[in-house]
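# for reference, the sequence and a predicted model appear below.
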Amino acid sequence: MDKGTILKSFIENGILISPNFLNGLDENFNYDGFFEFAKDRLKSKPMVFNNEFENIIKDFKDKQVENKNTIQIQKNEISSEANVIILKSYNEEIQKKEVKSFVNYFKNRYNSLRDILSVRQELQESVSISRLTRKKEKEVVSVIGMVLEKIETKNGNIKITLEDTSGIFDILIMKNKKEVYDIARDLVLDEVVGVAGVMGEKIIFCNSIILPEIPINNELKKSPDEVYAVFISDIHFGIKNFLDEDFMKFISWLKGEFGNDNQRDIANKVKYLFVTGDVVEGIGIYPGQEEDLEIKDIYGQYEKATKYFKMIPRHIKIIICGGNHDAIRMSEPQPLFDRNITPGFYEIPNMVIVSNPAMVNIHSSEEFPGFNVLMYHGFSFPFYADAVPSIRSKGGLARCDLIMRFLLQRRHLAPSHSSTQYVPDENFDPLVIDKVPDIFVSGHIHQITTSNYRNVSLINSSCWVIQSEDNAKRGIIPNPAKIPIMNLKTREVRIMNFLSDDIKVLVNERLGLKG
C-alpha cells in the first residue's frame with residue numbers, strides 16, 4: 001500500500017497520526033494484520049495518540065514474534081526422535097451468537113459432509129432437493145441431505161425427511177429391504193446422508209442409503225521402527241476414589257522402574273502418551289460432589305496433576321486435552337487449558353496441549369508420514385449408546401467401540417443437535433471428521449475398549465478411579481487402571497493392568513461381583 005492509502009486506513013480505524021510516524025515502521029509491516037489485532041482496543045476510543053498507539057504496535061510485533069517462534073518450534077520437533085505436529089486444535093475467540101450463527105453452522109456442516117459424499121459413485125449425479133419436483137415418477141434419482149425427521153409408519157416402514165439448502169423432501173424405506181432398513185433404523189437427526197432411489201408421487205422410494213464413511217481402502221500405516229504410544233484418560237485428580245498408588249506404579253513403569261523385563265523393555269520404547277480429558281475431578285460438576293472430593297480447590301487439583309506429569313520422562317511427549325470435568329467451558333470444541341488455572345502445564349517442556357477434539361500427527365519423518373491421531377473426550381457417547389438401536393441392543397455404553405465406529409461412519413463427533421453442548425462457529429464445524437485418522441482415541445466412559453474399523457484403530461481409554469455414586473447413577477461401570485499400549489510398528493494393542501489386588505476386591509464389591 002502507498003502512504004496515502006495507509007494513512008486513510010488509520011483514519012478509518014479511528015487513529016490520528018502524522019505521516020512521519022510511518023517512517024519508523026518496517027516496509028514489510030503487516031497493516032491488515034495489525035488492524036485485525038487491534039480492533040477491540042480501538043473500539044473504546046475514537047482516537048489513539050502516539051504513546052498509546054506505540055504500545056499497541058509493540059504488542060502486535062510481540063505477537064508476531066511469538067507466532068513465528070511457535071512455528072519454528074513445531075518445525076524443530078519434526079526432526080526429533082519423538083515429534084508431534086498439531087493438525088487441528090480449536091482456539092478461536094468466542095463471538096456473540098445469534099440465530100444466524102446456528103444457521104451458518106449447520107450450513108457449513110452440510111457443505112463439508114456433502115463434499116465428502118459427492119465423490120461416491122452412487123451420488124455423482126445427485127441433485128438438489130428443489131430440482132426433484134422436475135423429476136418424473138419411476139425416474140432414478142439421488143440426493144444428499146440432512147435428516148430433519150424420522151418416523152415409523154403404521155405399516156412398519158421408515159419415513160425420513162431430508163433437508164438441504166434448497167428445500168425438504170420425504171424418503172420412504174421399505175421394511176422388506178432389510179439391509180437398507182437396518183441402516184435407516186440407526187439414522188439420527190441432523191446427520192448428513194446420501195439417498196439413491198426411484199421417484200414416486202412427492203416421495204422417493206429408497207434403494208440405498210450412503211453414509212459419509214471411511215474409505216474402504218484406507219491405508220493401515222505402520223512405523224518403520226518399534227515405538228510405543230500409551231493412552232490414558234479420566235484420571236480425576238482430586239477425587240477421594242483416585243487410585244494414587246496404582247497411578248504411581250504406572251509412572252514408575254514409564255520410568256523403567258516397574259514390571260518384568262519385557263514390560264520394562266516396552267517402557268523404554270514409549271515415545272507418546274495421550275491424555276484424553278478429565279484430568280481432574282473438577283468443582284461443582286454434579287450435586288453433592290464436594291462430598292467426593294479430597295482436594296476441594298481447582299488450583300490444588302491441577303497442582304497435583306502437574307506434580308505427577310513432571311515425573312514422566314522428558315523423552316515421552318505428553319499430548320493432552322480437556323474433558324467435561326476440567327476447568328474449561330463445557331461447550332465443544334473445548335479450548336486449551338487456561339494458563340491462569342494450569343500454569344504448571346505450560347512449564348512442562350514435553351507436554352503438548354490441544355483442544356477437545358483435536359487432531360495431531362505423531363512420529364513422522366522424511367521417510368514416513370506419521371500417524372494422524374484424532375482425540376475426543378467422548379461427551380456425546382452416552383447419547384448414541386441410547387439413541388442408536390443397534391448399539392443399545394448390543395450393550396450400549398459397554399460397547400464404546402460401536403459408538404466410535406458409528407461416529408466415524410457419520411464423519412462427525414456429535415451429529416445430533418442435542419447430543420452435546422457445542423459452540424456454533426459460523427465459519428466451519430470443528431466436530432466434522434474431515435481428515436481420516438489412523439487412530440481414534442477417547443475416554444469419558446471409564447472403560448477399556450480397543451478395536452479396528454477400516455484400518456482405523458479405535459481406543460477408549462480406561463480411568464484411574466473406582467465407581468462413585470454419581471457413576472452408578474449414570475450407568476458408568478469403571479474398568480480402572482488398564483492401559484492400552486500400541487506398538488506403532490505392528491499396530492497391535494496390548495493391555496497392561498496396574499490395578500492392585502486389594503483394589504480389585506474393592507472394585508468387585510462396588511459392582512456386586514464375586515472374587
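Alright, I've got the coordinates. Please read these numbers as outputs of a predicted model, since none were measured by experiment. Residues are numbered from 1 along each chain as shown.
# which SS class is residue 480?
coil (DSSP: H, G, I helix; E, B strand; the rest coil).
# next: the one 10 residues further on.
Of the three states, residue 490 takes coil under three-state DSSP.
# now do the contacts for the residue nearest to it when sequence neighbours are not counted.
Of all residues not flanking residue 490 in the chain, residue 222 sits nearest, at 6.6 Å (C-beta to C-beta, 6 or more residues apart in numbering). C-beta: built from backbone N, CA, C; applies to glycine. Contact partners of residue 222, counting by C-beta atoms under 8 Å, 6 or more residues apart in numbering, are 488-491.
# any chance of these in TSV, plus neighbour count, pLDDT and distance to residue 454?
What follows is those, written out as TSV (neighbours: other C-beta atoms under 10 Å; pLDDT from 0 to 100; distance: C-beta to C-beta, whole Å):
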residue	neighbour count	pLDDT	distance to residue 454
488	25	97	19
489	14	97	20
490	10	97	18
491	17	97	13
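# ok, the residues you listed vs residue 176, which is closest?
residue 491 (40.6 Å; C-beta to C-beta).
# what sits against the closest one?
220-222, 457.
# go on, residue 392?
385-386.
# helix/strand/coil for it?
Secondary structure assignment for residue 392 (three-state DSSP): helix.
# going along the chain, name the strands of the stretch 151-300 of the chain.
Assigned strands in the stretch 151-300 of the chain, in chain order: 158-164, 167-173, 192-199, 204-210, 228-232, 270-276 (criterion: DSSP state E, counting those that start in this stretch).
# circling back to that earlier point, so which two of the contacts of residue 491 are the farthest from each other?
Maximum distance among those (C-beta to C-beta): 11.2 Å, for 222 and 457.
# a helix runs through residue 325, doesn't it?
No: counting by three-state DSSP, one finds residue 325 to be coil, located in no helix.
# what is the neighbour count of residue 417?
Here the count is done by other C-beta atoms under 10 Å, and residue 417 has 12 residues near it.
# doesn't residue 190 make contact with it?
Yes: counting by C-beta atoms under 8 Å, residue 190 is a contact partner of residue 417 at 5.2 Å.
# worst mean pLDDT across the helices and strands of this structure, which element?
Ranking every helix and strand in the chain by mean pLDDT, DSSP states H and E puts helix 50-78 at the bottom, with a mean of 53.
# any idea how far the residue nearest to residue 490 lies from residue 411?
Here the criterion is C-beta to C-beta, to the nearest Å. By it, residue 222 lies 24 Å from residue 411.
# show the pLDDT at residue 191.
Listed pLDDT for residue 191 reads 98.
# now residue 285
pLDDT for residue 285: 88.
# for residue 19, same thing?
Residue 19 carries a pLDDT value of 55.
# residue 94 now?
75.
# my guess is it contacts residue 424. True?
No: in this structure, residue 94 is not within contact of residue 424 by C-beta under 8 Å, at 10.2 Å.
# so between these two, which is more surrounded?
Neighbours of residue 94 and residue 424, each counted by other C-beta under 10 Å, are more numerous for residue 424; the result is 18 against 10.
# mind checking how far the closest residue to the more buried one other than its chain neighbours is from residue 398?
Leaving aside its chain neighbours, residue 424 sits nearest to residue 105 (3.7 Å; criterion: C-beta to C-beta, 6+ apart). From residue 105 across to residue 398, the span is 32 Å (C-beta to C-beta).
# try residue 189
Noted for residue 189: a distance of 24 Å to residue 398, by C-beta to C-beta.
# where are the low-confidence patches of the stretch 401-515 of the chain?
Along the stretch 401-515 of the chain, segments meeting pLDDT under 70 span 467-476, 502-515.
# how does it look with 90?
Residue ranges of the stretch 401-515 of the chain with pLDDT under 90: 426-427, 466-479, 500-515.
# the strands in it, which residues?
439-442, 449-453, 456-460, 482-487, 492-497.
# so what does the third one touch, helix or strand wise?
Helices and strands in packing contact with strand 456-460 are listed as helix 400-410, strand 439-442, strand 449-453, strand 482-487; criterion 3 or more C-beta pairs under 8 Å, 6 or more residues apart in numbering; DSSP states H and E.
# would you turn these into CSV with mean neighbour count and distance to residue 394?
Shown next, in CSV, are the helices and strands packed on strand 456-460 (neighbours: other C-beta atoms under 10 Å; distance: least, C-beta to C-beta, whole Å):
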stretch, mean neighbour count, distance to residue 394
helix 400-410, 23, 6
strand 439-442, 27, 18
strand 449-453, 17, 13
strand 482-487, 20, 21
